[in-house]
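Trainee: need a 3D model of the sequence below.
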Amino acid sequence: MSVALFETPQPLMVPGYTGYVPQWRYRIGETFGKTTHKIMMDPHTNMADQLVLSDRSVDNYQGGVWRCTAGFLPRARGQFGQRFTAAAAAALSDFEQQQRRERATRNQVVRAQQLQNNAADPKHLLDRMVQANQWKMPLYMVRPEMSGVIRKVCAPEAAVPPARSAVSPYFMDPNDPEKYFVLGYTGHVPYGMARYGQTSQALTNSALCDFTHNYRRRQSTEWAPVGVVQADPPLLLTPPEIYHKHVGLLPHYVGHLPGAKFRYGRTYGNDSRDGKRWLRGDYTT
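Mentor: This next block holds a predicted model:
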């Protein structure tokens, strides 16, 4: 079995083609490829003389511009006060003149390269001047800071100011000329609601100066650390006394009481009076 039996004969429209196909809507029962093949091969079908995908690179514009033309018209944006046809003709004329000037400039550059490479003979004085010029074509684009390197001449370099540390405008010195918010700043400007009739730079500078003065004043008064003045402690500290000589301890005292587990018959308060007597050797009850 041949593979040609499964292939759709050429020419045909590729399935998925979204352009206009004459008489396609009146044909049913076959695939898109076979239907378009029959339409294109039918001599009674009114087809365009030029294919959709034909080469149109050599087409030149001829004729005027119609009133309903929706395409792009170069140089037509600056044409006012004229009818569409006249404005389109003037715009196209300007565009053609611009193209001629650019074409002449390119030809002049090519001519200069040919003269400097001795590929063409000079015809007049201007050609001889171009041929004797020290700058040879084509010219290379050089950054301004590297021009001295190309010419082997040390170009003077401007002194670079030291980078300034990023200080917030809120905490800059009031005498700093850059103490302001740039035009277009949308953040909060302290003390800026009651100021009118000034430029943005002057208004924000005045508001920030007032904010800085108020901040420093409150920092030295309201927000200053509080110092507690008190007498110096004595050099010799007397430890607190636990066992008083004439006062007993509380009944629920859980600390150590010397000799308490060997005594009985008395309340805890009376027994704990002068609790250090056992340490002195006094074993009387």
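
Trainee: only C-alpha atoms from now on, for both contacts and neighbour counts.
Mentor: Fine.

Trainee: run through the helices of the stretch 151-285 of the chain in chain order.
Mentor: 200-220, 268-271 (DSSP state H, counting those that start in this stretch).

Trainee: so for the shortest one, mean pLDDT?
Mentor: Predicted confidence along helix 268-271 averages 85 (mean pLDDT).

Trainee: would you mark the buried spots in that helix?
Mentor: For helix 268-271, the neighbour count (16 or more other C-alpha atoms under 10 Å) marks 268, 271 as buried.

Trainee: same thing with the first one?
Mentor: Of the residues in helix 200-220, those scored as buried under the neighbour-count criterion (16+ other C-alpha under 10 Å) are 203-212.

Trainee: for it, packing partners?
Mentor: Taking 3 or more C-alpha pairs under 8 Å, 6 or more residues apart in numbering; DSSP states H and E as the contact definition, helix 200-220 has no neighbouring helices or strands.

Trainee: list the contacts of that helix.
Mentor: 169-171, 174, 179-183, 189-192, 195-196, 224 (C-alpha atoms under 8 Å, 6 or more residues apart in numbering).

Trainee: from those, pick the one nearest Gln97.
Mentor: For these, the residue nearest Gln97 by C-alpha to C-alpha is Leu183; the value is 43.7 Å.

Trainee: next helix or strand past the helix or strand where Arg103 lies?
Mentor: Element membership for Arg103, per DSSP states H and E: helix 84-116. In the C-terminal direction, the helix or strand that comes right after helix 84-116 (DSSP H and E) is helix 125-131.

Trainee: can you pull the buried residues of that next one?
Mentor: Neighbour-count burial for helix 125-131, counted by 16+ other C-alpha under 10 Å, picks out 127, 130-131.

Trainee: between the residues you listed, which is nearest Pro240?
Mentor: Val130 (110.7 Å).

Trainee: the closest one: what's its closest spatial neighbour, skipping adjacent residues?
Mentor: In this structure, Val130 finds its nearest non-sequential neighbour in Ala112, 6.4 Å apart by C-alpha to C-alpha, 6 or more residues apart in numbering.

Trainee: how many residues are close by that neighbour?
Mentor: 24 (other C-alpha atoms under 10 Å).

Trainee: would you confirm that it contacts Ala132?
Mentor: No: contact criterion C-alpha atoms under 8 Å: Ala112 and Ala132 do not qualify, at 10.6 Å.

Trainee: so for Glu102, what's the pLDDT?
Mentor: 94.

Trainee: Thr35 is in contact with Gln23, isn't it?
Mentor: No: taking contacts as C-alpha under 8 Å, Thr35 lies outside contact range of Gln23: 9.8 Å.

Trainee: for those two, indicate the residue with more neighbours.
Mentor: The residue with more neighbours, out of Thr35 and Gln23, is Thr35; 17 against 12, by other C-alpha under 10 Å.

Trainee: wait, what's in contact with the more buried one?
Mentor: 24, 27.

Trainee: the host helix or strand of it - what's its average pLDDT?
Mentor: Using DSSP H and E, Thr35 sits within helix 32-41. When pLDDT is averaged along helix 32-41, the result is 87.
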